[in-house]
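>>> What follows is a predicted protein model with its sequence.
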Amino acid sequence: ACAVGARAFAKVIRVAKGLSLRAFPVRLLLASVTMAGLFVLSRELTGQSLSVGAGYEVLRDWLFVEADIAVWLLIAVFAIRAVASAATVVGGGVGGVFIPLVVGTKDGFGVVRDPIACKPAVMAETDQYVAFGSEYRALVNLPGIEDARVWEPEPATVYFWKH
C-alpha cells in the first residue's frame with residue numbers, strides 16, 4: 001500500500017511540475033483555489049487544517065481516540081497533504097515538498113537536510129533508538145526521551161546510523 005501511495009504521490013508531483021510551466025496568473029489561481037478548497041475540506045472533516053501546518057493536532061486528537069476511523073483518517077491526511085504539496089509546486093513554491101530527506105536501507109537509515117535548511121528537523125538518539133521529527137513536540141512522547149540526546153541536524157550534512 002505504501003508503494004502505491006508513493007507512486008501516486010510521484011505522479012501528482014509530475015503533473016504539478018507540468019502545470020508549473022504555465023503563465024504565473026494561471027498557476028497562482030490554480031494553487032490558491034486548490035489550497036483554499038483543501039483547507040475548507042479538512043476543516044469540515046476534522047475541524048482542523050490538514051493542508052497547512054504540521055497536522056500533529058489532528059493525528060493526536062483523532063488517531064489515538066477514534067481507533068475505528070484511524071485508517072480512513074490516515075488516507076485522508078495522505079491525500080490532502082499530497083494534493084497540497086502539488087498545489088505548492090504549481091504555485092512555484094517548495095513548502096509542501098518533503099524535505100529533509102530520510103532514506104532507509106537494509107541495515108540502517110540516513111538523514112540529510114537541504115543546504116539552506118528551509119524545513120525544520122530534530123533528531124533524538126538513545127541506546128535503543130534514533131528518532132526523526134520536524135519539531136520537538138513530535139518526539140515528546142517517545143519512551144526515554146528525557147534521557148535522549150536531542151539535536152538539530154546541520155544543513156547539507158549526511159548522517160547515517162547502522163543497526
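Sure thing, it's come through. Numbering: from 1, shown residues only.
>>> C-alpha from now on. contacts and neighbour counts both.
OK.
>>> Going along the chain from the lowest-mean-pLDDT helix or strand in the chain, find the next helix or strand for me.
Ranked by mean pLDDT, DSSP states H and E, the weakest helix or strand in the chain is helix 56-58, scoring a mean of 62. For helix 56-58, the following helix or strand on the C-terminal side (DSSP states H and E) is helix 70-90.
>>> Please spell out which residues along that next one are buried.
73, 77-90 (16 or more other C-alpha atoms under 10 Å).
>>> Just give me the neighbour total for residue 122.
18 (other C-alpha atoms under 10 Å).
>>> Look up the residues forming beta bridges with it.
residue 133 (DSSP bridges).
>>> what sits against the residue lying closest to residue 108 once chain neighbours are set aside?
Once flanking residues are discounted, residue 108 sits nearest to residue 162: 4.2 Å by C-alpha to C-alpha, 6 or more residues apart in numbering. Neighbouring residues of residue 162 by C-alpha atoms under 8 Å, 6 or more residues apart in numbering: 107, 108, 109.
>>> which residues sit against the host helix or strand of residue 42?
Using DSSP H and E, residue 42 sits in helix 24-46. Contacts to helix 24-46, defined as C-alpha under 8 Å, 6+ apart, come from residues 19-20, 48-52, 58, 80, 84, 87-88, 90-92.
>>> Which parts of that helix count as buried, going by neighbours?
By neighbour count on 16+ other C-alpha under 10 Å, the buried set for helix 24-46 is 27, 28, 30, 31, 32, 34, 35, 38, 39, 40, 41, 42.
>>> Could you confirm residue 104 falls within a strand?
Yes. Residue state for residue 104 (DSSP: H, G, I helix; E, B strand; the rest coil) corresponds to a strand.
>>> got the contact list for it?
So residue 104 contacts residue 110 (C-alpha under 8 Å, 6+ apart).
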